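> Generate a structure from the sequence data that follows.
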Amino acid sequence: MDRANQFRPGPPPALASDTYSDDFNEVKSLGIVNSTSATADQALTGRFWNGAIQNYWNEITQTATVEHNLTTAQSARLFALLNLTLADSVIAFYDAKYTYNFWRPVTAIRAADTDHNTDTAADPNWLPEAGNTTPDPSYPGAHAVISAAAARVLMFFFRRDDFDSSVTSEVMPGTERSFESFSAAAEEATLSRIFAGVHFRSDLTTGQRLGREVAHFVVDNFLTPQGG
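Predicted structure coming up:
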C-alpha cells in the first residue's frame, strides 16, 4: 500500500445504536464459555481457528498448489501475492484498530452499565469461549481481514472459488475442517470470532470489506503477468 490508512474504514457502530446492541447481544449469547445458545459445531469452530490466521491460509494455499500441479515459479508467485497481501492487510487493520480503539466483547459485556444503551445488560463474570482475548482493539477483526484478503487472492489466481480442501488447527492437534470453496473457508474463519467470543459482527463485516480492498489493490498492481 502507499500508506497505512489508504483503505481505513469508517468508525464502528455508536454504542447507543441498534446495530451495536444487536452485535453485543449476539456475541454475549453465542460467545460465552460453555454457551447454551451456540451449537456444538459453532463452539468447536470458535476454538478451531484460534491460532495465527495467516498460517491457516498458507496451509490452504499449499494444498491448492499441490492439487493444481503448479510449477515452482507459479507457486512462488502465488505465495508472494498471498503474503504481500497479508502483510498489507495487517498494516491496514492495525491502523484502523488503533484509530478507533474499540473495546472487545469481554470488556464491553462486563461494563455494559456504562455504555448508555438500554438494550445491553452487564455481566461482570462473562468470559469468552476462547478463554483469552487478544490484547488489542476489536475493530476491525483481524481474522476477517486476513481471510477475506487471502480468499480473494486465491480466487484471482485460480480464476475460480470452488476448491475442496481440508485445513488443520494450530491449537487443536488432529482436528481438521473441510470446505468446498475458498470463500466458505473464509466465511467460517470470520464467523468463528463470534463463537469464540472475541469479536462483534460489525468488526467482521468491516474487516471483510477491508481485506477485499487490500487484495484487489495488490493483485491489480503487483506481480502482474508481463507481456511477451
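> What are the boundaries of the helices in this protein?
18-30, 40-48, 53-67, 72-100, 105-110, 142-158, 182-195, 201-221 (DSSP state H).
> residues contacting Asp78?
Rather than Asp, residue 78 is Leu. Taking C-beta atoms under 8 Å, 6 or more residues apart in numbering, we find Leu78 in contact with Thr61, Ala64, Thr65, Leu70, Val153, Leu154, Phe157. Using the backbone N, CA and C atoms, a C-beta is placed for each residue, glycine as well.
> how does it look with 6 Å?
The contact partners of Leu78, taken as C-beta atoms under 6 Å, 6 or more residues apart in numbering, are Phe157.
> so what's it scoring on pLDDT?
Note on Leu78: pLDDT of 97.
> Also Ser17?
The model's pLDDT for Ser17 equals 98.
> What about it, how many residues nearby?
Neighbour count for Ser17, taken as other C-beta atoms under 10 Å: 14.
> Now do the buried residues in stretch 48-65.
Across stretch 48-65, burial judged by 16 or more other C-beta atoms under 10 Å covers 48-50, 53-54, 56-61, 64-65.
> Likewise for stretch 13-33?
Per 16+ other C-beta under 10 Å, stretch 13-33 contains these buried residues: Pro13, Leu15, Tyr20, Ser21, Asp23, Phe24, Val27, Lys28, Leu30, Gly31, Ile32.
> Now that the fifth one has come up, it's in contact with His199, right?
No. In this structure Asp23 lies outside contact range of His199 using C-beta atoms under 6 Å: 9.0 Å.
> follow-up on the earlier one: closest to Asp88 among the buried residues of stretch 13-33?
Pro13 (25.6 Å; C-beta to C-beta).
> Give me the residue ranges of this protein where confidence is low.
Scanning the chain for pLDDT under 70 picks out 226-228.
> One more pass at 90, please.
Residue ranges of the chain with pLDDT under 90: 223-228.
> ok so, going back, with respect to burial, which of the helices of the chain scores highest?
Sort these by mean neighbour count, taking mean count of other C-beta atoms under 10 Å, and helix 142-158 sits at the top with a mean of 26.
> what's the distance between the nearest residue to Phe156 once chain neighbours are set aside and Pro140?
Nearest non-adjacent residue to Phe156, counting by C-beta to C-beta, 6 or more residues apart in numbering: Val219, 4.8 Å away. For Val219, the distance to Pro140 equals 20 Å [C-beta to C-beta, to the nearest Å].
> Could you report the distance from the residue nearest to Met155 when sequence neighbours are not counted to Gly141?
Using C-beta to C-beta, 6+ apart and skipping the chain neighbours, the partner closest in space to Met155 is Asp161 (5.1 Å). As defined by C-beta to C-beta, Asp161 lies at a distance of 22 Å from Gly141.
> Between these two, which is the more surrounded one?
Gly141 (28 against 15).
> Thought Thr205 was touching that one, still the case?
No. Contact criterion C-beta under 6 Å: Gly141 and Thr205 do not qualify, at 9.0 Å.
> Among the helices of the chain, which comes closest to Phe7?
Across the helices of the chain, closest to Phe7 is helix 201-221 (C-beta to C-beta), at 4.4 Å.
> Just the C-alphas of that closest one, formatted as PDB.
The C-alpha coordinates for helix 201-221 follow below in PDB (Å, rounded to 0.1, in the frame of the first residue of the first chain):
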ATOM      1  CA  ARG A 201     -20.300  -8.900  14.000                       C
ATOM      2  CA  SER A 202     -19.600  -5.300  12.800                       C
ATOM      3  CA  ASP A 203     -15.800  -5.900  13.400                       C
ATOM      4  CA  LEU A 204     -16.100  -8.800  10.900                       C
ATOM      5  CA  THR A 205     -18.200  -7.300   8.200                       C
ATOM      6  CA  THR A 206     -16.000  -4.300   8.100                       C
ATOM      7  CA  GLY A 207     -12.900  -6.500   8.200                       C
ATOM      8  CA  GLN A 208     -14.100  -8.400   5.200                       C
ATOM      9  CA  ARG A 209     -14.500  -5.300   3.200                       C
ATOM     10  CA  LEU A 210     -11.100  -4.100   4.200                       C
ATOM     11  CA  GLY A 211      -9.500  -7.400   3.300                       C
ATOM     12  CA  ARG A 212     -11.100  -7.400  -0.100                       C
ATOM     13  CA  GLU A 213      -9.900  -3.800  -0.800                       C
ATOM     14  CA  VAL A 214      -6.300  -4.600   0.100                       C
ATOM     15  CA  ALA A 215      -6.400  -7.800  -2.000                       C
ATOM     16  CA  HIS A 216      -7.700  -6.100  -5.100                       C
ATOM     17  CA  PHE A 217      -5.100  -3.400  -4.800                       C
ATOM     18  CA  VAL A 218      -2.200  -5.900  -4.500                       C
ATOM     19  CA  VAL A 219      -3.300  -8.200  -7.400                       C
ATOM     20  CA  ASP A 220      -4.100  -5.200  -9.700                       C
ATOM     21  CA  ASN A 221      -0.700  -3.600  -9.100                       C
END
